[in-house]
Each structure stands twice: as structure tokens, then as C-alpha cells.
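Fold the following, please.
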Amino acid sequence: MHGTTVRPAPYGVSTILMALLFGTNFFLYVLFQMIKARAVKPSDQLVKKEKKELSKPFNGTLDCYTALTQELFLTGMIMAMTYVCEYCWLFAHSSKSYSRDLFMFVLIVFFAYAWYTIHPVKDLSLLGREQTEEWKGWMQFIFLLYHYFHAEEVYNSVRVMITCYVWMTGFGNFSFFYMKQDFGWLRMVQMLWRLNFSVILLMWTHQNTYILYYICPMHTFYFLMVYVTMYCFQSLNATKWGIRWKLLVLALIIYVVWDINYGLFDILFAWLGTDKVIGANSGSVYEYYFRTSLDHYSTFLGMIFALNYPLAEQYFTTLETYLLQHHIWLTSNAKTLWTIIPNHPWINFALATIVFFLVSKELYRLTMSLRGMILPDDKDIAWRNMWGGIGVVSVFGLIAYVLASFNPSVVQLVIACQGLAIALVFVIGRFTATLNEQQIFQQQSSRFLKLMSILFFSTLIAQFVWTSPEAAAAAQDSYALALAKYHGNAPACLSSISEGAWTTVPCPANPLPKGVSSLNSLAFCEQDLWSWAPHSDDCPIAKLTTARAASAFKDKDILFVGDSVVRSSYHQFISLLEPKYEQNHSFVFKHQDFSHVIRGSNVSVRFIWAPFVADIAKVFQTRLPMGGKPVSYIVAGASLWDALHDHDLAKFNASLTTVAAALPTAYQGVGANRTSTVKVWLLPTNILDDRLTTAEKRQYMNDDTIRTYRATAAKSTALQQAFHVLVDPTNATGRRESTSTDGVHYAEEVYSVIAQIIAAPSSQRLL
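Residues are numbered from 1 along each chain as shown. As a prediction, this is how the structure comes out:
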């Protein structure tokens, strides 16, 4: 799998909101633990009685505040853990690597354990709770293994399992409403809490979109579909034919919305938006249609089955494993693996799995415990708590919005949390349930407030010292010096457009990074810069902007043909012309052809998968010109698979000659005899032996071998005569080793530089 660029750590309004909520709660948690430690301990009998209860309804007592702040503290720790694993971990994220042998080994071990723990069930009814829990457990296990190992060959089975989950949404919820006839607001809100509590926290913590965790919006939608179906004309639910007519109407609605292509779905869900967002490259409307259309009859069929075999409600107890896999077991929104011990994939898999399941189990417990506190079955308490919670989150959200406009530092967030905690202590003291508890609270909180006041003012003083005019001026001077390294001419000519290097410098003082109002608000910031090696001023070359690229390649057909290095360069070349474009890193979309049209400049860019040099020759022989239209720009290159699979350098050299001869007459010639078609040959990148994922690659595709193949291509007279320039990308990959997860592929910024180099011969008018 490609090494992907890890997204910069999010620091917007929602992330600040999470920091304020859980940071403030931390100080309150300390206070109530102090009170708990000094309170009279209850009898053993009372402790045992309390332990039998999952959670008591929150009604404003000191015991309730103690329990609430403790559960929120643990929830905040889990959210912080997901943030650290994603953005602040010690080791780089690892790439996924599929091994059928390892996949089946883990599956057999799990099956053996399941067989060993077989025991008789008490519920012998069809699809009883124990049976469905077993079913869901097996499906979730396969689903997780599929994501961890990227086991593409079991995709169809996983799709069946997902639709089974959706089927159970209809089955379980229909059974509940059909048997209990409970359509109250509390039942609906409790279920929405169960389905969305964790996902909302993850969304806000990581500034992700709802659609990224598509299982949750899908189950939420289908739950609401069942609820509305059963709520409307409730009197018909108990009749033999009335409920069947309602299901028939539902089937017709599903058919009209999803199966008849009149745009009704786009109209109903237009509020989701069509702009590209995280988790939906083609817009949320399209992504949601794609996800729901795969299973749009499954819930309906589950309802029909439940009508004939009514059973009790089924909860989705494996929801947390689905959510947390994005950030703990896996990382980069499930694109890479969380690395605890680098270069030890089996040990890493075992340790990450243990942590992942323990944290998932705890998050499930916290979700249900907090639901019991905030939304108990007592409607009066639940109503009060629901609106109280909405009010608290709204106030904190407003404060977070104001703070975000100033780009607060971590220290400033700590100050805000301290101030909010002090204010809340006074509010809680005012509204504590009984006078006796008020006295206990006042005795302990006075000491706490003194300590908090000292801490608050100490932090303020420290913040003032760090942001003094003298310190700010010194910081700006250092950044100005670093910025000077980036400015100035960086000329290069056709013979040396590959020459350059990466440098790492502190973030500049002017202009500041996007969204940053002051250097003092940055705890740490660096820039990775690429610049061409300096040459004579009579041949300047500079970074190609989108506007210049659109002008240089307007109305042209551009062909990329070759291996994965060329493919990655193809994607970044499109991004150069269309900044909103984003590469799909899915394994399913690797070994195939692509095409893309940039509408504004009418540039057609195509990629043809040709991993062997001989494959490139076949493309030139059989597919040029493309669709009868001459190609204006050709970028070709291959060698990795030639080395990996053929192990024959002489054959490779002969294939290079074949490629040159395979070009049609209209595309031959360079120099004084050149045609209007610019032809670029892309040599292979650096290989990192210690990160190669298979023994075969380490033997036949190591860096020494590829260096020999690169030199052979660079010295090929046939290539030199057929192509205008041979691009050597090794400087672009040099010093970027940390961005490669598989030893072959690099982060997107590397291929962005290669795309700039590829575009230089035409855009810089060097030809």
C-alpha cells in the first residue's frame, strides 16, 4: 500500500471544544476525588448494592457529580489516546501488508478458541440473543481482520456481513416497537445516543466528517426509518394486514428513492453537500448514496422477518470496535497501522489488538454508563439532563469558537480550562441537592479553589513571560533567518531539472501558516522545503503554480504510462492542475488505468498501468494516438517489476531499446528533429531495504539492484534518443525516508515535487 501523508494534527473549533470539555472536567474530577477521599465510607453492604447498578440517574448529588466526572475523565483519556496515536506517536505509521497464510492462521486460532469455549445456550428460540451475539462477533472479527490486513480477496464476504448488520437493524428495532409499542421521545434519544455518542466525540476530536464513519450514519438512518414506519398510524401495527400494507408502502418508497434514477435521492439528501470532504472524495451525497444503496433493502427485509418471528431488541455491542479501529488499531483514518514496536509486525499486531479491544470494551461501558446517568428511564430526569447537557456543550462551543479565532496555545487552553473549572465549582455549590452536601462541598471546595487560584495565576504569569515583546521579537528574527533560505532564484535547465534537495526549516514569521495568528501560539512548527540546485541565472526555474500549469497545458492530452512510481506522479500532476483532486489510496484501485479531465483548462490526463518496460512498448505500439487525438505530453517509466520478477538486466536493457523503437513515427525525434510531443522518461526512486515488506523484494528489488537498473536506463542510448529528458527522482526522495511505509512508495509531497520536475520541460519553456 502507498505511504500516505499523515494529516496535520487538527486544531480547530471542535478540537478546542473537546480540549475545553475534558480539560475542565479533569480539574472537577480532581475536586470530587478529594471530596470522595475525605467522605465517610459507606458500609460494605451499601457498596455491594451500588456495584450491581451500571449507573445511577444523574440528579445533582455529590455522588452523581463524582461518578459523572470520573466517567468523563476516562472518556477524555480515550479520546486523547486516539489523538496521540494519530498525530503524536513515537513511531511512523506502518503500511498494511496482506498475507493469506497469516490471515488464515489468525482465523484458525480464533476458530479453535471459539470451539473450545462452546457451551449450551439458554434461549432456544430462533435468532435468540446469544445466537445473534455469536453471529455479530464472528462478522466483526472478519471485518476487523479485513481492514487490518487489507484482505481484498474477502471483500465480497465482508459486504455480505455488513448487509447482515443492516438486516439486524431492521430486525431488532422492529421487534422492539412491534412488541412494546414504545414510541416516546426518550426511547428514540437513548438509541441515538447509543449509535452516535462515540462517533460524535471522535468527529470533534479529529475534525473528521460523519460520513467517514459511515456505519454510524447508515445505522442511524435505518433506525429512524424503522421508527417512522412504526410510529405512523400506530393502530395498524397490531392488525394482520395493516402492518403489511405499511411495509408495502415502505418498499415502494425505497424503490422510488434508490432504484428509479430521477434524482429524488439527490434532492432529499442535498443538505449533505457535494463538496469533497474527508471520507467522501466525490461529495457526501454521492458517498451516502453509494453506501446506502448497497444495503437499501436489508433493513426492510429484517423488518419482514421480525414480523413473523418477533423477538426482543438487539443492541450493536460491537460498534466501538468499528469506530476505534480508525485511530488506535489502525491509524490515518484506517489507512495505516498503529505501530508500537517498529519492524516487528506480528508482535505489533498482538499488542495493538490487546490495547484495541480493551479500550473498545471500556468505551462501550462508558457509553452505556453515561447514557444511564444522563438519559435514564425516568423521563423527568432525562429531559432535564438532556437540555442541561445541550446547554453546557453550547456554552463551551461558543467559548471554543471565540478561542479558535485567536489560535490559542496549549498553555492558553489550560488557563481557559482552569477558569471554567473555577466558575463551575461556584455553580455546582449553588445547586447542590441538599444542605448537608452543600456543607461538605464547601469545606472541600474552598481548599481546592485556593490551589486552583494559585495555579491559575502562575500559569497566567508564565504565559505573559513567554509572550513578552522581547521574546516575540527574538522568535520573529529566528524565523526570518530561516525564511531567507527559501527565497531567491533557484534556476535549473533541462539537463539538471532533477537536481535539488529537501531542507527543513522553522515556520516563517511572514506569511504565517494558515489559521495561525501569532508565532507564539505555535508549540512546534517546521516546514519541509524543496528547492532546485542553483545554476546560472540565464535559465531560471521556479515552482509551477496552478495558474501557470493550466496555461502551459491548456487543451492538451497528457499520457502517463508505467508502474506505481509513474502512477503516483500522475495523481500529483493532476493535483497540480486541480488542487481539490485527491488520490484514492485504496488497494482496489491500484493496478488499473485512470483518466481525468481538468474542466477549466480542458486538460486530459490519462494513466495506463504498464509495470514492465515491455508493457510500455505494447502501449506505444497499440494505443497511440489515443482515441485518434495526438498526445502532447508523454511520461513513461518502469523497472521495479522487471527487477522483481524477471531478474534479468540484459533483458531489461533490450526492452528499453524496444520501447524507443515502439514509438510511432509521429512521436519520434528529439533535439533539432523533435516533434511537438514532449516525452519524459521517469527513472526509479530510492528503495529502503529495511522497509520492504517481503523476502522476495528484499532479494530482487533492493536498493543496490534498483540502482543498477536506474544506471542502465540512464545510460541507454535508445532512451536518450527517443525521450527529451530522463528524470532522476532520487533527490526528490532523498531525506524523505520517514514518509515511506513500504520501502518503495513515499508521501504525496514527494510525488508533488516529481510532478513539478516532470512539468518543467514544457511549463518552463525549456524546449
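
From now on I want contacts and neighbour counts done on CA atoms only, so please keep to that.
Will do.

which residues of the stretch 601-750 of the chain fall in helices?
Listed in chain order, the helices of the stretch 601-750 of the chain (DSSP state H, counting those that start in this stretch) span 613-622, 640-641, 649-662, 695-700, 703-714, 717-722, 730-733, 748-763.

For stretch 318-331, output the C-alpha coordinates as PDB.
The C-alpha coordinates for stretch 318-331 follow below in PDB (Å, rounded to 0.1, in the frame of the first residue of the first chain):
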ATOM      1  CA  THR A 318     -19.500  -4.100  18.600                       C
ATOM      2  CA  LEU A 319     -20.000  -0.500  17.400                       C
ATOM      3  CA  GLU A 320     -17.000   0.700  19.400                       C
ATOM      4  CA  THR A 321     -14.600  -1.700  17.700                       C
ATOM      5  CA  TYR A 322     -15.600  -0.400  14.300                       C
ATOM      6  CA  LEU A 323     -15.100   3.200  15.400                       C
ATOM      7  CA  LEU A 324     -11.800   2.900  17.300                       C
ATOM      8  CA  GLN A 325     -10.200   0.800  14.600                       C
ATOM      9  CA  HIS A 326      -9.900   4.100  12.600                       C
ATOM     10  CA  HIS A 327      -7.500   5.700  15.200                       C
ATOM     11  CA  ILE A 328      -6.000   3.000  17.600                       C
ATOM     12  CA  TRP A 329      -5.700  -0.400  15.900                       C
ATOM     13  CA  LEU A 330      -5.400   1.300  12.600                       C
ATOM     14  CA  THR A 331      -4.400   5.000  12.000                       C
END
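
just how off-centre is it within its chain?
Centroid displacement of stretch 318-331 relative to its chain, using Cα atoms, centre = their mean, to the nearest Å, is 11 Å.

Tell me the buried residues in that stretch?
Residues of stretch 318-331 classed as buried: 318-321, 323-331 (neighbour count, 16 or more other Cα atoms under 10 Å).

and of the residues you listed, the nearest to residue 226?
Distance to residue 226 across these (Cα to Cα) is lowest for residue 319, with 19.2 Å.

Tell me who's in contact with the spatially most central residue of the chain.
By Cα atoms, centre = their mean, the chain has its centre lying nearest to residue 333, at 2.3 Å. Contacts for residue 333 (Cα atoms under 8 Å, 6 or more residues apart in numbering) come out as 326, 327.

can you pull out the strands in this protein?
Counting by DSSP state E, the chain has strands at residues 330-331, 336-337, 500-506, 526-532, 557-562, 594-598, 603-609, 633-637, 678-682, 725-727.

Compute the mean per-residue pLDDT across the first one, please.
Rounded to a whole number, the mean pLDDT of strand 330-331 is 82.

ok, the residue nearest to the centre of the chain to residue 134 distance?
In this view, residue 333 and residue 134 are 28 Å apart by Cα to Cα, to the nearest Å.

and what of residue 289?
According to Cα to Cα, residue 289 stands 30 Å off from residue 134.

For the two, indicate the residue with more neighbours.
Taking other Cα atoms under 10 Å, residue 289 and residue 134 do not tie; residue 289 has more neighbours (15 against 12).

Please convert the strands of the chain to TSV, extending it with distance to residue 194.
Listed next are the strands of the chain as TSV, based on distance: least, Cα to Cα, whole Å:
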stretch	distance to residue 194
strand 330-331	23
strand 336-337	27
strand 500-506	44
strand 526-532	41
strand 557-562	49
strand 594-598	41
strand 603-609	45
strand 633-637	52
strand 678-682	52
strand 725-727	55
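
Buried deepest among those strands, which one?
strand 336-337 (a mean of 30; mean count of other Cα atoms under 10 Å).

can you list contacts of that strand?
With Cα under 8 Å, 6+ apart as the test, strand 336-337 has contacts from 93, 94, 95, 96, 148, 329, 330, 331.

Go ahead and confirm the fourth one touches residue 149.
Yes: with contact taken as Cα atoms under 8 Å, residue 96 and residue 149 are classed as touching, separated by 5.7 Å.

In contact with the closest residue to residue 420 other than its chain neighbours, which residues are there?
Closest residue to residue 420 apart from its sequence neighbours, by Cα to Cα, 6 or more residues apart in numbering: residue 24 at 6.3 Å. With contact taken as Cα under 8 Å, 6+ apart, residue 24 is in contact with 417, 418, 420, 421.

how much space between the first one and residue 26?
Residue 417 sits 9 Å away from residue 26, taking Cα to Cα as the criterion.

pretty sure residue 186 is touching residue 379, no?
Yes: counting by Cα under 8 Å, residue 186 touches residue 379, with 6.8 Å between them.

who's more crowded, the two?
Taking other Cα under 10 Å, residue 186 and residue 379 do not tie; residue 186 has more neighbours (18 against 14).

Count the residues that sit near residue 715.
Residue 715 has 12 neighbours, counted by other Cα under 10 Å.

Would you enumerate the residues in contact with it?
Applying Cα under 8 Å, 6+ apart, we find residue 715 in contact with no residue.

List phi and psi for it.
Backbone torsions of residue 715, given as degrees, to the nearest 10, read phi -90, psi 0.

Closest one to residue 706 out of the contacts of strand 336-337, please.
Closest approach between the contacts of strand 336-337 and residue 706, by Cα to Cα: residue 95, at 21.3 Å.

mind pulling up the phi and psi values for that closest one?
When quoted as degrees, to the nearest 10, the phi and psi of residue 95 stand at phi -80, psi 160.
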